[in-house]
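Undergrad: Structure for the following, please:
(one chain, ligands or ions: 2)
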Amino acid sequence: MKNILVTGGAGFIGSHALVELVEAGMNPIVYDNLSNSTDKSLKAVESICGVYPKFYQADILDEEALDRVFAENDIDAVIHFAGLKSVGESVAQPVRYYENNVAGTVCLLKAMERAGVRKIVFSSSATVYGSPKSCPISEDFPLSTTNPYGASKLMIESILKDLYHSDHRWGITLLRYFNPIGAHKSGKIGEVPSGIPNNLMPYITNVAVGQLEKLHVFGNDYPTPDGTGVRDYIHVSDLARGHVLALQRLEKYPEELNIYNLGTGTGYSVLDLVNTFMEVTGIDIPYVIDPRRPGDIAECYANPEKAKKELGFEAQFGIKEMCEDAWRWQEGHPHGYED
Ligand code: NAD
Ligand code: UFG
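TA: Ligands and ions are numbered 1, 2, ... in the order given. Reported below is the predicted structural model:
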């Protein structure tokens, strides 16, 4: 595996994957319409690993642009990050989500078929487990969703499974991410939420930097040790490395369909994360307890054994490093890549 097309490569997880790909000796080619990112992230990637990846600013719904990229580059495999990812927005704009995520993936797969490139690693999400019957969650747990974003991930998983069953020349890896947080150790790339963050860690860092007054903890009456929601937070650089391992396995076993959880296997509560953040940064995070957020589940953490056994994947960074690194990025870039 050498030339890897990275859709959504300018985004949060994609930019971290670029660094890992370059460091593994691969040549990432970025395809992104910059609808939720900026190409400044690519400049920052260059400052970390010395390579400014070849970049196409284009949409995955644009089949001609996709054909051009496959014609101009000898692509070995695709990592498909491109997609819209806000749960709340997907409820308000379902058609936009299905078009961008599902129809966009169909366009990508058609272009791959035309080009004879049949290796793909897809960004799925633990959201496809819906409200899991128990934790830790294994890959064979029942699947369900409660919102259009999750449904789009589940539909894409189904399309990819059907595709594999129709033609075993395909090599397909579905990676189900748990909760990626943190930022590259350099502090040069990280997450840039648009507007007020929906997710916990960017909300905490925005409070820490003084842009938001206090954190709203959504519920402290869950059946968890301290009553607040428990999640499997994983350092984004660990998650990114999981994609390199997935490609390496696809190279070894080019005609497989595989599904892996990418998580640490450990759950932390909202208050665990807040307290760890305060401890490692020395910054106070004022918070209030609010009612539960509709659609949230009590706990969600991975059984990471399959990825460990088959990919050799194991998270290296703990919760303290996730907090330290998230803060290093936020402190240096209070307005994202504009700083
Ligand atoms: P992100 O928004 O930072 O990155 C997604 C990138 O895709 C952006 O750069 C955006 O401009 C691009 N994009 C979106 N639609 C496109 C289109 N039609 N054509 C071309 N480019 C397009 O998000 P992220 O956090 O890096 O997530 C990457 C992937 O991982 C997404 O598919 C997301 O659903 C999935 N995922 C993310 C999380 C998370 O918590 N961040 C969890 C599970 C799964
Ligand atoms: N939370 C708060 N206050 C906030 C934000 C979050 O208390 O301001 C709590 C939530 O209630 C939850 C925990 O912090 O208990 C984590 O919430 P996030 O929004 O950070 O993450 P979620 O687990 O809800 O959702 C994430 C992604 C989704 C994805 C899901 C499953 O944002 O896109 O993981 O993979 F679908």
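Undergrad: Can you pull the residues of the chain lying near ligand 2?
TA: Neighbours of ligand 2 within the chain, by CB under 6 Å from any ligand atom: 85, 87, 125-127, 150, 179, 198-200, 203, 216-218, 229, 231, 270, 293, 296. C-beta: built from backbone N, CA, C; applies to glycine.
Undergrad: What residues does this structure have near ligand 1?
TA: Within the chain, the residues that sit near ligand 1 (CB under 6 Å from any ligand atom) are 7-8, 10-14, 32-37, 59-61, 81-85, 100, 104, 123, 125, 177, 180.
Undergrad: Write the ChimeraX selection for whichever of those are buried.
TA: The following ChimeraX line selects those of the residues of the chain next to ligand 1 that are buried, judged by 16 or more other CB atoms under 10 Å:
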select :7,8,10,11,12,13,14,32,33,36,37,59,60,61,81,82,83,84,85,100,104,123,125,177,180
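Undergrad: What about the residues of the chain next to ligand 1, which are in strands?
TA: 7, 32, 123, 125, 177, 180 (DSSP state E).
Undergrad: Would you mind putting the residues you listed into TSV with distance to residue 316 and pLDDT alongside?
TA: Formatted as TSV, those follow (distance: CB to CB, whole Å; pLDDT from 0 to 100):
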residue	distance to residue 316	pLDDT
7	26	99
32	27	99
123	20	98
125	22	98
177	16	98
180	14	98
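Undergrad: ok, these vs residue 305, which is closest?
TA: Distance to residue 305, by CB to CB, is smallest for residue 177 among these, at 16.5 Å.
Undergrad: Contacts only, for the closest residue to ligand 1 within the stretch 151-300 of the chain.
TA: Taking CB to the nearest ligand atom, ligand 1 has its nearest neighbour within the stretch 151-300 of the chain at residue 177, 3.8 Å off. Residue 177 makes contact with 13, 123-126, 234, 239, 262-263, according to CB atoms under 8 Å, 6 or more residues apart in numbering.
Undergrad: ok, now with 10 Å
TA: Neighbouring residues of residue 177 by CB atoms under 10 Å, 6 or more residues apart in numbering: 13, 123-127, 232, 234, 236, 239, 242, 260-263, 302.
Undergrad: same thing with residue 208?
TA: Listed by CB under 10 Å, 6+ apart, the contact partners of residue 208 are 215, 277-278, 281, 283-285, 323, 326-327, 330-331, 334.
Undergrad: make it 7 Å
TA: 281, 283, 285, 327, 330 (CB atoms under 7 Å, 6 or more residues apart in numbering).
Undergrad: How about residue 216?
TA: Residues near residue 216 by CB under 7 Å, 6+ apart: 288, 290.
Undergrad: Shouldn't it be within a strand?
TA: Yes. Assessed by DSSP: H, G, I helix; E, B strand; the rest coil, residue 216 belongs to a strand.
Undergrad: By mean pLDDT, point me to the weakest helix or strand of this protein.
TA: Sorting the helices and strands of the chain by mean pLDDT, DSSP states H and E puts helix 87-92 at the bottom, at a mean of 95.
Undergrad: Show me where the stretch 1-150 of the chain has its helices.
TA: 12-23, 40-49, 63-72, 87-92, 94-97, 104-115, 148-166 (DSSP state H, counting those that start in this stretch).
Undergrad: looking at those helices, which is buried most?
TA: Most buried of the helices of the stretch 1-150 of the chain by mean neighbour count (mean count of other CB atoms under 10 Å) is helix 12-23; its value is a mean of 25.
Undergrad: and stretch 186-195, what's its mean pLDDT?
TA: Across stretch 186-195, the average pLDDT comes to 95.
Undergrad: just stretch 233-248 next, same as before
TA: 98.
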